[in-house]
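Engineer: Pasting the sequence and the predicted coordinates here, then a few questions.
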Amino acid sequence: MNIRRLLFQIFHSLPLVAWLAVLAFSIFLWLLVFGHHGLYELERLLRTKNDLISQKEDLQKEKIDLNAELENLENPVYLKHLIHKELGFTESDEVIIQLPRSP
């Protein structure tokens, strides 16, 4: 039997309601996958959520580090060390020796 004839018989053997149901189901599947709230949109939103969670964890670690730094700034010994290191301040009995830069 010819394939075209078989397809023609199948097409004409099903009632119109069945074809409309198949069409409606096909449209439903299309919208499920590609629609405004489809699977691709869901995947994009999940990726965005994971990125935001990662950023949140990084910011929480940075907050902990900054809080520790803030607590250290209340310590006079650390503050003196920081001023000496970062700003280059010296005590009255210290001498700074600057060596020439090597070429």
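Structural biologist: Noted; the coordinates are in hand.
Engineer: quick one: buried residues of the helix ranked longest in the chain?
Structural biologist: Using DSSP state H, we find that the single longest helix of the chain is helix 39-73. Neighbour-count burial for helix 39-73 flags no residue at all (criterion: 16 or more other Cβ atoms under 10 Å). (Each C-beta comes from the backbone N, C-alpha and C, glycine too.)
Engineer: and what of stretch 95-103?
Structural biologist: Neighbour-count burial for stretch 95-103 [16+ other Cβ under 10 Å]: no residues qualify.
Engineer: Can you measure across that stretch, start residue to end residue?
Structural biologist: The first residue of stretch 95-103 is 25 Å away from its last residue (Cα to Cα, to the nearest Å).
Engineer: how deep is Gly35 tucked in, by neighbour count?
Structural biologist: When neighbours are counted by other Cβ atoms under 10 Å, Gly35 registers 14.
Engineer: quick one, phi psi at it?
Structural biologist: The phi and psi values for Gly35, taken as degrees, to the nearest 10, are phi -70, psi -180.
Engineer: Skip the chain neighbours and tell me the closest residue to it.
Structural biologist: Glu41 (7.8 Å; Cβ to Cβ, 6 or more residues apart in numbering).
Engineer: Tell me how far that neighbour lies from Leu31.
Structural biologist: 11 Å (Cβ to Cβ, to the nearest Å).
Engineer: Counting neighbours, what do you get for Leu82?
Structural biologist: Under the neighbour criterion other Cβ under 10 Å, Leu82 is assigned a count of 15.
Engineer: Let's see the pLDDT reported for it.
Structural biologist: According to the prediction, Leu82 has pLDDT 85.
Engineer: now Ala18
Structural biologist: Here, the pLDDT recorded for Ala18 equals 83.
Engineer: tell me how far stretch 54-62 is from the chain's mean position?
Structural biologist: Put simply, stretch 54-62 sits 12 Å off its chain's centre (Cα atoms, centre = their mean, to the nearest Å).
Engineer: and it, average pLDDT?
Structural biologist: On average, the pLDDT along stretch 54-62 is 98.
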